[in-house]
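can't give you the sequence, but here's the structure:
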């Protein structure tokens, strides 16, 4: 089973802990030898999901939206990004160079095209910018890829 991830970055600490638990529980539903997680491994749900898949004994494939993508992520996240990337069983590239909103959406579209289901850490609100979680969810639904929303009850982003 190939599972993709999309989700909000910069969540408050309390919400982060609840989301991490929900992601770990979601991953436990799949047999480790059949589990392939697909992620862009940004800070937040992307990386938490990838770690949960690896901890479960599954494989991780990474989608890199742009050649300069890593440099657009927070410096404190680079070690985690590099560790997960080093453990990836496959890496997919969009072929784009600059980490623009369009490149992020292209990466998400590539990810959605690779998976059987998308987990979305999504509050149900519209995207705050092109290529945000809501846009990825809408794209997946438009092309018929099932989406399972994981959002803790009563949680807020701000």
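Yes, it's here. Remember, it's a predicted structure, so these values are computed and weren't measured experimentally.

in the protein, which ranges drop under the pLDDT threshold?
By pLDDT under 70, the chain has no low-scoring segment.

which outside residues touch the lengthiest helix in the chain?
When the chain is parsed with DSSP state H, its longest helix is helix 13-28. Residues outside helix 13-28 that contact it (Cβ atoms under 8 Å, 6 or more residues apart in numbering): 3, 5, 7, 11, 35, 37, 44-45, 48-49, 52-53, 55-56, 58, 119, 121, 148, 150-152, 155-157. Quick note: C-beta positions are derived from backbone N, CA and C, even for glycine.

Run the chain-centre distance for that helix.
Counting by Cα atoms, centre = their mean, to the nearest Å, helix 13-28 is centred 13 Å from the centre of its parent chain.

quick one: buried residues of it?
Within helix 13-28, the residues scored as buried using 16 or more other Cβ atoms under 10 Å are 15-16, 18-20, 22-24, 26-27.

Ok, stretch 146-158 next?
Using 16+ other Cβ under 10 Å as the burial criterion, the residues of stretch 146-158 that qualify are 147, 150-152.

so, if you compare those, which one comes nearest to residue 138?
Here the nearest of the buried residues of stretch 146-158 to residue 138, counting by Cβ to Cβ, is residue 147; it sits at 9.3 Å.

so that closest one sits right up against residue 134, yeah?
No. With contact defined as Cβ atoms under 8 Å, residue 147 does not count as touching residue 134 (10.9 Å).

Thought residue 43 was touching residue 77, still the case?
Yes. Between residue 77 and residue 43 there is a contact under Cβ under 8 Å: 4.0 Å.

coming back round to it: among the contacts of helix 13-28, which are located in helices?
Under the assignment DSSP H, the contacts of helix 13-28 contribute 45, 48-49, 52-53, 55-56 to helices.

residues contacting residue 101?
For residue 101, the contact set (Cβ under 8 Å, 6+ apart) comprises 129-131.

May I have the beta-bridge partners of residue 92?
residue 63 (DSSP bridges).
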